[in-house]
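Q: predicted model follows, preceded by the sequence.
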Amino acid sequence: MITFLFRNTERWNDTGATKLRLIPIGKILEGKYTNKTVTIRGWVYRKREGKDIIFILMRDATGVIQCTFRKDAEAWEEAEKATIESSATLTGTVKEDKRAPGGYEISGENLSIIGLAETFPIAKDKSEEFLRDVRHLWLRSRKMSLVMRVRDEVLWSVHECFRKKGFVEVSPPMFISSACEGGSTLFGLKYFDQDLFLTQSAQLYLEALIYSLEKVYCVAPSFRAEKSRTIRHLTEYWHVEPEQAFADVDDMMRLEEDLVSYVCRKVAQKCRKELVELGLDPEELARVKPPFPRVTYTEAVERLHKKGLRVKWGEDFGFDEERVLAEMFDKPVFVYGYPKQIKAFYCKTYPEKPDLAMSADLLVPRIGEITTGGSRVDDKDELIKRMKEFGLRPEDYEWYIDLRRYGTVPHAGFGLGVERLLAWMLKLENVMDAIPFPRTIRRFYP
């Protein structure tokens, strides 16, 4: 019993030896340990061997630093044995060296390999398809590490913004019994002896929660069986969805521009190093401020005609049309007042223009639409009428109709795709690079 208490006062590793104080590489690169002996732990990122010296780049979650081993060093044999992606603990003296990546290097004294890696399959000039086949390993790359860190800050900022505005985070279901937007994009599954679907959107369930909490939101996965092969489509993506009582489409557009600009500002402030290493200018994101331009659907059609795009009034915009529209502005732009027939059954229409939906999309360059939202139908009879127009059976939505029967209110909301937002912010070539394990029409491994 005495031995047990004594051992618990120390920090022990798996072999029972006392752990050394480990220094994050990022702290060393800040210049806080110059000329001091440090111990780091991580993975071999790169390796270059000479006759009398071995250069090893070590990485951990906070950064990458160059380490050198001379032939007369005690750790020379271990350094020779180390392979790319081997995990190791390294001790040495920090030196400032402007020639080294990050401006500092460690003169290695001791090296202990924890896990010796086999020949790493990723080398230079590998195709994008190959890198996605080995995504579980490509996530270790510097680029993916930086993107994931920015993604983390994006999500933190989303939560911060909503909480500052008094929204309550809720947890909607992933299994649903009826479609939110369209049956053609639903993933069906067997739920015991019932046929259910994976959710396309949490919207209908969020609407139920506004009657007690008034302002709610969620950050959750959504699933859409769209057979699209564009740079902005995933079959599984992360969805930011707020819903608010006593609100309309104009309130939502203000909320959207506040949210997007808040996220951009926070990322510019807190991820400056990551942005610079990705070759981006943080000030570009810092300049994203409200208000965002607003154009009607009709005006958007006219603008597209002037650019030579053949789109008829009443048709929905595709990827190409949205990108062209977004490029006309120096910040994200809202398109609103769409024909009601190209929007979902729950979209409210303007009283003075009943053929137009009180719906708005937020468009950005290269990606196109990153949000869709607006006012919801709040009249019971109108909702039932719209359902029938869309070929839906009202009896499948009785619980949703109940929301209009018992204390209905004007309300609105929107959905924001996290990967599309991140791809735009970081100028990524494809939304597949904005999520750890992308799922598309053809990709579901690993």
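A: Arrived safely, thanks for sending.
Q: neighbouring contacts of the helix or strand hosting K27?
A: Following DSSP states H and E, one finds K27 within helix 25-28. Defining contact as C-beta atoms under 8 Å, 6 or more residues apart in numbering, one finds that helix 25-28 is touched by 33, 38, 40, 42, 58-60, 62-65, 94, 104, 106. Every C-beta, even on glycine, is put in place using the N, C-alpha and C of the backbone.
Q: show only the entries of those found in strands.
A: Members of the contacts of helix 25-28 lying in strands (criterion: DSSP state E): V38, I40, G42, M58, R59, D60, G63, V64, I65, V94, Y104, I106.
Q: just list whatever residues bridge to the second one.
A: Just to be clear, that refers to I40. L90 (DSSP bridges).
Q: these two touch, right, K289 and S261?
A: Yes: the pair K289 and S261 qualifies as a contact (C-beta atoms under 8 Å) at a distance of 5.2 Å.
Q: neighbour count for these two, which is higher?
A: Legend: neighbour count by other C-beta atoms under 10 Å for K289 and S261, higher for S261 (21 against 14).
Q: packing partners of the strand or helix carrying that one?
A: Using DSSP H and E, S261 maps to helix 249-270. With contacts defined as 3 or more C-beta pairs under 8 Å, 6 or more residues apart in numbering; DSSP states H and E, helix 249-270 has these neighbours: helix 142-164, strand 236-245, helix 282-286, strand 333-339, strand 353-364, strand 368-375, strand 411-417, helix 418-426.
Q: in JSON lines: those, plus mean pLDDT.
A: Listed next are those as JSON lines, based on pLDDT from 0 to 100:
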{"stretch": "helix 142-164", "mean pLDDT": "98"}
{"stretch": "strand 236-245", "mean pLDDT": "98"}
{"stretch": "helix 282-286", "mean pLDDT": "98"}
{"stretch": "strand 333-339", "mean pLDDT": "98"}
{"stretch": "strand 353-364", "mean pLDDT": "98"}
{"stretch": "strand 368-375", "mean pLDDT": "98"}
{"stretch": "strand 411-417", "mean pLDDT": "98"}
{"stretch": "helix 418-426", "mean pLDDT": "98"}
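Q: between the ones you listed, which one is closest to K126.
A: Among these, the nearest to K126 by C-beta to C-beta is helix 142-164 (12.9 Å).
Q: next secondary structure after the closest one?
A: Next in sequence after helix 142-164, counting helices and strands by DSSP H and E, comes strand 168-169.
Q: which is the succeeding secondary structure element to that next one?
A: Using DSSP H and E, the next helix or strand after strand 168-169 towards the C-terminus is strand 175-176.
Q: what's in contact with that next one?
A: Contacts of strand 175-176 (C-beta under 8 Å, 6+ apart): L189, Y191, L196, F197, L198, T199, Q200.
Q: which ones among the residues you listed lie within helices?
A: Using DSSP state H, no member of those falls within helices.
Q: still on that earlier bit, orientation of the helix holding S261 relative to helix 418-426 in degrees?
A: Per axes from the mean of the first three to the mean of the last three C-alpha atoms, to 10 degrees, the angle that helix 249-270 makes with helix 418-426 is 60 degrees.
Q: next structured bit after helix 249-270?
A: That would be, after helix 249-270 and using DSSP H and E, helix 272-277.
Q: off-centre distance for that following helix?
A: Chain-centre distance of helix 272-277: 17 Å, with C-alpha atoms, centre = their mean, to the nearest Å.
Q: same for that helix, what does it pack against?
A: Against helix 272-277 (3+ C-beta pairs under 8 Å, 6+ apart) you get helix 142-164, helix 282-286.
Q: adding mean neighbour count, write these out as CSV.
A: Output for these, formatted as CSV (neighbours: other C-beta atoms under 10 Å):
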stretch, mean neighbour count
helix 142-164, 17
helix 282-286, 16
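Q: mind checking which of those is nearest E85?
A: Per C-beta to C-beta, nearest to E85 of the helices and strands packed on helix 272-277: helix 142-164, 13.1 Å.
Q: what's the closest one in contact with?
A: Residues from elsewhere that reach helix 142-164, judged by C-beta under 8 Å, 6+ apart: 45, 59, 61, 64, 138-139, 169, 217, 219, 240, 242, 258-259, 262-263, 266-267, 270-271, 274-275, 277-278, 418, 421-422, 425-426, 428, 433-436.
Q: repeat for stretch 103-116
A: 28-29, 31, 34, 37-38, 40-41, 56, 58, 65-70, 73-75, 78-79, 81-83, 86-97.
Q: quick one: S177 from G166, how far?
A: Going from S177 to G166 by C-beta to C-beta, to the nearest Å gives 31 Å.
Q: if I pick the nearest residue to F390 once chain neighbours are set aside, what's in contact with it?
A: Using C-beta to C-beta, 6 or more residues apart in numbering and skipping the chain neighbours, the partner closest in space to F390 is F345 (4.3 Å). Counting by C-beta under 8 Å, 6+ apart, F345 touches V377, L383, R386, M387, E389, F390, L392.
Q: now pLDDT and distance to Y205 too, for the residues you listed, in JSON lines please.
A: Shown next, in JSON lines, are these (pLDDT from 0 to 100; distance: C-beta to C-beta, whole Å):
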{"residue": "V377", "pLDDT": "98", "distance to Y205": "16"}
{"residue": "L383", "pLDDT": "97", "distance to Y205": "16"}
{"residue": "R386", "pLDDT": "96", "distance to Y205": "19"}
{"residue": "M387", "pLDDT": "95", "distance to Y205": "17"}
{"residue": "E389", "pLDDT": "93", "distance to Y205": "23"}
{"residue": "F390", "pLDDT": "92", "distance to Y205": "19"}
{"residue": "L392", "pLDDT": "92", "distance to Y205": "17"}
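Q: follow-up on the earlier one: identify whichever of the helices and strands packed on helix 249-270 lies nearest to D52.
A: For D52, the closest of the helices and strands packed on helix 249-270 is helix 142-164, at 28.4 Å, according to C-beta to C-beta.
Q: what sits against the closest residue to D52 other than its chain neighbours?
A: Setting aside the residues directly before and after it, D52 is nearest to K71 in space (C-beta to C-beta, 6+ apart), at 4.7 Å. The contact partners of K71, by C-beta under 8 Å, 6+ apart, come to K51, D52, I53.
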